[in-house]
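**Student:** Build me a model from this:
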Amino acid sequence: MRRRSFVYVVSGPFVGALGATVSFAGWLAAGILSVTPLVVPVLVAFDYAVRKTGDAERALARRLLGVELVAERRPVERGFWKRGLTVLREPLFWKEQTFAVLRFVLGGALAIVELTLVAGGGYEVLTPVLYRWVPMDIGSWHTDSLSRALLFVPVGVAAIAVGIALLRPQAALWRRLARTLLRSSDAAREVDGRRALAVHAAVAAGVNAVTTAIWAISGRGYFWPEWTLLPLGLVLAVHAWVIAARRFRAYALAVDAGVLTALGLFLTLVWAVTGAGYFWPVWTWLAFAIVFGVHVLFVVVRGAERIEVLETTRAGAVDVQESELRRIERDLHDGAQARLVALGMSLGMAEQKLAADPGAAAELVAEARQGAQEALRELRDLARGIHPPVLADRGLGAAIAALADRNVLSVSVEDSLDRRPAATVETAAYFVAAEALTNAAKHARASRVDVRIARDGDTLVLEVEDDGVGGANAAGSGLAGIRRRVEALDGTFRVRSPEGGPTVVRAELPCAS
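**Tutor:** Numbers count the residues shown, from 1 in each chain. Purely as a prediction, here's the structure:
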C-alpha cells in the first residue's frame, strides 16, 4: 500500500501538468472564440478533455489509493446554446479542473519533498559504497574514509523513515480531495457547486500567493505575477457568476451578460497593464454588446414562440378534458345508469309480487342482485379509466405491469425509475402505455410488446415497442388524444411505425422535482 501511495504522490506534478495544460488551453480557446458561435463546440470539446483527465485521475485514485469514485454528469440539454450552458453549469467540470491544478501545484511540492527524502536518504545510506567515486563534502567536512561515510547511514535511514511516514497523511489528504472534487452527488449538487467554487477560490489564491512570493524573493522589479492574477481571476469570476445566476429566471441571458462583462473587464485590465495607450478594448465591448443584443432578440422571439406553443397545448388539454368528460358521461348514461334504472324496476316488480308470487319475486331479486354487481363492476372500470387505484398506491411501474397482465399479448415491462414522478406525469404516462397496448392488441397483429420506463435527467421516458405489422396512424383519434395529453404537460410524443413494423411509441415528460 505504501508503494502505491508513493507512486501516486510522485505522479502528481506529471498528471497535474496534463490537466492544467488542458484547462489553460481550453479557457484560452473559449476566451478567443467567446464572441462567436464557435464557443459552444469549443466548450463541448473542452468538457470532453476535462472529463478524460478526470477519468484518468479517478482511475489512479482507484488503483493506487483504493478510492471508488462515481462521476455522473447532467444530461445534455437540447439546443445549440444550451449545450454550452450545460458545460458551464456542471459542477464536475469545475471541480476536475481544480483538482488538476492542485495536483500540479500542491502535488508538485509534495512530490519534491517525498523524492528528496527517499532518494536523498537512499543516497546517504549508500555513501559507504559510493564515497570513493562520488565525494560528499559538507563545508570543510570531507568524506574521505569509511568511518566518516558510515556517519551518513543513520541520517539516510532517518530521511527514508520520515518519507515513508509522510506517505500515510499525504495519501489521506489526496483521498479526501478526490472524494470532494472527483465525484458527483445528485442529492447535493447545489452544495457541491458552492464547495467547488470555494476550493477553486482557495486554489487561485494559493497560486497567486506563490507567484507573488517568488516575485518578491527574486528581487521584485516588473510585477509579472499580474499575468497569473488576471486569467485566474477571470476563470474564477466566470465560475462564481454561473453559480450566482441560478437565481435569475432568464438563466441563459444572465450567464451571457455576466460572462461577456467579465471578459470585457479582463481585456480592459490587460489594456491597462500593457501601457494604457489606444483604448482598443472598445471594439471588444462593441462586439460583446452586439452578441448580447442578438441573444436578447433571440430570447424575445423564442418567448413569443413559446407562448404560441403553450396556447396550443392548453387548447389541446382543454379538448382532452372535454373529451374525457363526454366519455365519462356517455359511459355513465349507457352503462351504470341504465343498469341502476333496471335494478330499480326489478325491485319494484319484486315488491308487487312478493305476497302473491314469492317465487317470481325471488327471481326478480336475484336478477336485481346480478344487475347491481354488473353496475358496480362498470363503475369500477370507469373509475379505473379515470385514475387506476394501483397507480396511486404502487406507482407507474406496477400500474403498467397490471395492464400487461390483463393484455392478451406477451408484454414485458422494464422499470428503472429510482423515484416516483409527479402524479400528473404518472397519469399521462400510464394512459400512453394503455393506449399503445390496446392498439397493439387490436390492430398491430403483434405477438410481443416491450415497455421501457426510464428517467433521463429531469425527463421521464416511456417507450412501447411491438413486433407487429406497423402502419399505425399517429393522427388517429386515440393517439392524437394521447399526444395532446402529453403536450399539455410540456412533453413530446412520437410514433414511429413503418410498414412491416415495428411500431415504437415514445413519450418524454418533464418530471423535475
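**Student:** From now on I want contacts and neighbour counts done on CA atoms only, so please keep to that.
**Tutor:** Will do.
**Student:** Off-centre distance for the host helix or strand of residue 44?
**Tutor:** Remark: residue 44 resides in helix 39-60, with elements defined by DSSP states H and E. Helix 39-60 sits 15 Å away from the centroid of its parent chain (CA atoms, centre = their mean, to the nearest Å).
**Student:** same thing with stretch 242-253?
**Tutor:** 17 Å.
**Student:** swap in stretch 162-177?
**Tutor:** Counting by CA atoms, centre = their mean, stretch 162-177 is centred 32 Å from the centre of its parent chain.
**Student:** got the buried residues for it?
**Tutor:** For stretch 162-177, a neighbour-count test (16 or more other CA atoms under 10 Å) marks 163, 164, 166, 167, 170, 171, 174, 175 as buried.
**Student:** Please identify which of the residues you listed is nearest to residue 227.
**Tutor:** Looking at the buried residues of stretch 162-177 and their distance to residue 227, the nearest is residue 174, at 28.7 Å (CA to CA).
**Student:** Against residue 6, how distant is that closest one?
**Tutor:** Residue 174 is 12 Å from residue 6, where distance means CA to CA, to the nearest Å.
**Student:** Using the record's domain definitions, break this structure down for me.
**Tutor:** 2-184, 310-386, 393-510 (automatic domain parsing).
**Student:** what about these, which gets the closest to residue 298?
**Tutor:** domain 2-184 (11.1 Å).
**Student:** and the next element down the chain from the helix holding residue 44?
**Tutor:** Immediately after helix 39-60, counting by DSSP H and E, sits helix 80-89.
**Student:** what packs against that next one?
**Tutor:** helix 39-60, helix 226-244 (3 or more CA pairs under 8 Å, 6 or more residues apart in numbering; DSSP states H and E).
**Student:** What is the helix or strand that that helix is followed by packed up against?
**Tutor:** Counting by DSSP H and E, the next helix or strand C-terminal to helix 80-89 is helix 91-125. Other helices and strands packing on helix 91-125, by 3+ CA pairs under 8 Å, 6+ apart, are helix 2-10, helix 12-32, helix 39-60, helix 152-181, helix 189-217.
**Student:** can you list these in a markdown table and add mean pLDDT and distance to residue 83?
**Tutor:** Formatted as a markdown table, those follow (pLDDT from 0 to 100; distance: least, CA to CA, whole Å):
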| stretch | mean pLDDT | distance to residue 83 |
| --- | --- | --- |
| helix 2-10 | 84 | 35 |
| helix 12-32 | 86 | 14 |
| helix 39-60 | 89 | 7 |
| helix 152-181 | 84 | 23 |
| helix 189-217 | 75 | 18 |
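**Student:** Please identify which of those helices is closest to residue 128.
**Tutor:** Nearest of the helices and strands packed on helix 91-125 (CA to CA): helix 152-181, 7.9 Å.
**Student:** Also compute the angle for that closest one relative to helix 91-125, please.
**Tutor:** 170 degrees (axes from the mean of the first three to the mean of the last three CA atoms, to 10 degrees).
**Student:** starting at the chain centroid, how far to helix 152-181?
**Tutor:** 36 Å.
**Student:** now swap in stretch 242-255 and tell me
**Tutor:** 18 Å.
**Student:** sorry, back to before: minimum distance to residue 280: which of the domains of the chain has it?
**Tutor:** domain 2-184 (15.3 Å).
**Student:** chain center to that closest one: distance?
**Tutor:** 27 Å.
**Student:** Residue 80 and residue 49: what is the separation?
**Tutor:** From residue 80 to residue 49 the distance is 19 Å (CA to CA).
**Student:** out of these two, which sits in the more crowded spot?
**Tutor:** Remark: of residue 80 and residue 49, residue 49 carries more neighbours, 16 against 11, as counted by other CA atoms under 10 Å.
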